[in-house]
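Engineer: Quick one, structure for this:
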Amino acid sequence: TFGQLSKYTSAMYSELTPHEKEKWVAKADADKARYLHELESYEPPPGYDRKGDAVISPVITKSGRRGKPERDVNAPKRSMSAYLLYQNA
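Structural biologist: The predicted model follows:
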């Protein structure tokens, strides 16, 4: 299951030496720099904020729950942490 896989990869990541973790931290830093660079050059269309989220209020569904605000499909994707990069490798 997903929970078991998550526990397994978390244990593997925590057992890495600091030298091995540095590889993943460097990749995360590079991804963060990419995100910040893309965010600088991103011009949101009308109705969206600087990060690409819709400025209008979230949609309320029939059950009364709030839906997620719409995101601009051209907005830069958030950077990933060192652990997530390790987990997805």
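Engineer: Give the residue spans of this protein that score low on pLDDT.
Structural biologist: By pLDDT under 70, the low-scoring segments of the chain are 57-67.
Engineer: mind listing the helices for the chain?
Structural biologist: Secondary structure of the chain (DSSP state H): helices at 2-14, 18-41, 82-88.
Engineer: To residue 73, which of those lies closest?
Structural biologist: Among the helices of the chain, the nearest to residue 73 by C-beta to C-beta is helix 18-41 (13.7 Å). In this view, the C-beta of every residue, glycine as well, is placed from N, C-alpha and C.
Engineer: Just the C-alphas of the closest one, formatted as PDB.
Structural biologist: This file holds the C-alpha atoms of helix 18-41, laid out as PDB (Å, rounded to 0.1, in the frame of the first residue of the first chain):
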ATOM      1  CA  PRO A  18      25.100  13.100   5.100                       C
ATOM      2  CA  HIS A  19      27.300  12.800   2.100                       C
ATOM      3  CA  GLU A  20      24.600  10.800   0.200                       C
ATOM      4  CA  LYS A  21      21.900  13.200   1.300                       C
ATOM      5  CA  GLU A  22      24.000  16.100   0.000                       C
ATOM      6  CA  LYS A  23      23.300  14.900  -3.600                       C
ATOM      7  CA  TRP A  24      19.600  15.100  -3.100                       C
ATOM      8  CA  VAL A  25      19.800  18.500  -1.300                       C
ATOM      9  CA  ALA A  26      21.800  19.800  -4.300                       C
ATOM     10  CA  LYS A  27      19.100  18.600  -6.700                       C
ATOM     11  CA  ALA A  28      16.500  20.300  -4.500                       C
ATOM     12  CA  ASP A  29      18.400  23.600  -4.400                       C
ATOM     13  CA  ALA A  30      18.700  23.400  -8.200                       C
ATOM     14  CA  ASP A  31      15.000  22.800  -8.500                       C
ATOM     15  CA  LYS A  32      14.200  25.700  -6.200                       C
ATOM     16  CA  ALA A  33      16.500  28.000  -8.300                       C
ATOM     17  CA  ARG A  34      14.600  26.900 -11.400                       C
ATOM     18  CA  TYR A  35      11.200  27.600  -9.700                       C
ATOM     19  CA  LEU A  36      12.300  31.100  -8.600                       C
ATOM     20  CA  HIS A  37      13.700  31.900 -12.000                       C
ATOM     21  CA  GLU A  38      10.400  30.800 -13.700                       C
ATOM     22  CA  LEU A  39       8.400  32.800 -11.100                       C
ATOM     23  CA  GLU A  40      10.400  35.900 -11.900                       C
ATOM     24  CA  SER A  41       9.600  35.700 -15.600                       C
END
